[in-house]
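Trainee: Curious how this folds, go ahead:
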Amino acid sequence: MVVDYSLKKKLIKEICIPADKVIGYVINDVDLNMDGRKDVIVRYHKMPLADGDIITHDIYIKIDDSNYKLIKSLDNLKSPVLKSYDPDYVKTNPLTQDISSRFPRNVEVEFKDNLITISHFLYDVYGKTYSFEYRKSANDWVLSKEEYWIGDLAPNYIALMGVSEKLRGKVVLEEKKQVKPVKIADFSLEESKKKAEEEGEYLMENYDIFNWKVE
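Mentor: A predicted model of the protein is given here:
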């Protein structure tokens, strides 16, 4: 296990990852299961990263004043590593082509009190966020909401398109709460990718980016 010195203050004695992996980040300021205690999330992966590598998130729940318990090890929250989505790079070999065709790009994972969110682009400037809420009855994080949004754009793109600075963030277009209660470990980015083109085209047809154009 390789550890960045800046992370050492956040480490707990229970953390155990494979010897050939490095810790990417540690979060220790969220109460994921709403029991009044701050839990720990560890992200780790190989280094240097190569196409096809998997990024894993381990969740340690605080069980008393000084002890933690590993309850989830999740390797499905991020797409397999693809070092570049440039078409000229993607077409270089079957592995990069496979990852690009089967998994969404730019996947973001956030951990908040009682909540895990997974976001990714669907098509062009449109994206989707899945919210997994902790449910005590299931002792798990379960899909509770899906949101469709526009934005998360770079400043140079906003300037080029002449649209509102609001699009630096995510502007929610539609929200769906009647969703199948999928547990976090059963979530599939690959399944999400299969629906991405159709959902993205729907958003493009109904929410033109130039509705946010600055006159």
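Trainee: contacts, neighbours, all on C-alpha from now
Mentor: Fine.
Trainee: So which residues make contact with the strand ranked longest in the chain?
Mentor: Counting residues, the longest strand found in the chain (DSSP state E) is strand 140-151. Residues from elsewhere that reach strand 140-151 (Cα atoms under 8 Å, 6 or more residues apart in numbering): 115-116, 125-135, 166-184, 209.
Trainee: Determine the number of other residues adjacent to the nearest residue to residue 115 once chain neighbours are set aside.
Mentor: Among residues not flanking residue 115 along the chain, residue 133 sits closest, at 4.7 Å (Cα to Cα, 6 or more residues apart in numbering). Residue 133 has 23 neighbouring residues, counting by other Cα atoms under 10 Å.
Trainee: Quick check: residue 133 touching residue 113?
Mentor: No: using Cα atoms under 8 Å as the test, residue 133 is too far from residue 113 to be in contact (9.2 Å).
Trainee: Leaving out the residues flanking it, which one is nearest to residue 188?
Mentor: residue 76 (6.7 Å).
Trainee: wait, the one you found sits on residue 191?
Mentor: No: look at residue 76 against residue 191 with Cα under 8 Å: they stay out of range, at 11.4 Å.
Trainee: Let me see the contact set for residue 181.
Mentor: 142-144.
Trainee: Mind jotting down where the strands sit in the chain?
Mentor: 21-30, 39-46, 56-62, 68-74, 108-112, 115-123, 126-135, 140-151, 170-176.
Trainee: tilt between the longest one and strand 170-176?
Mentor: Calculated by axes from the mean of the first three to the mean of the last three Cα atoms, to 10 degrees, strand 140-151 forms an angle of 130 degrees with strand 170-176.
Trainee: cool, and the fourth one?
Mentor: Orientation of strand 68-74 against strand 170-176 (the same axes, to 10 degrees) gives an angle of 80 degrees.
Trainee: which strands and helices sit next to strand 68-74?
Mentor: strand 56-62 (3 or more Cα pairs under 8 Å, 6 or more residues apart in numbering; DSSP states H and E).
Trainee: For the strand it packs on, output the C-alpha coordinates as CSV.
Mentor: Only the C-alpha atoms of strand 56-62 are listed here, as CSV (Å, rounded to 0.1, in the frame of the first residue of the first chain):
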residue,chain,number,x,y,z
THR,A,56,-12.5,1.0,-5.9
HIS,A,57,-14.3,2.8,-3.0
ASP,A,58,-14.3,1.2,0.4
ILE,A,59,-16.8,2.4,3.0
TYR,A,60,-15.9,2.1,6.7
ILE,A,61,-18.7,2.8,9.2
LYS,A,62,-17.8,4.1,12.6
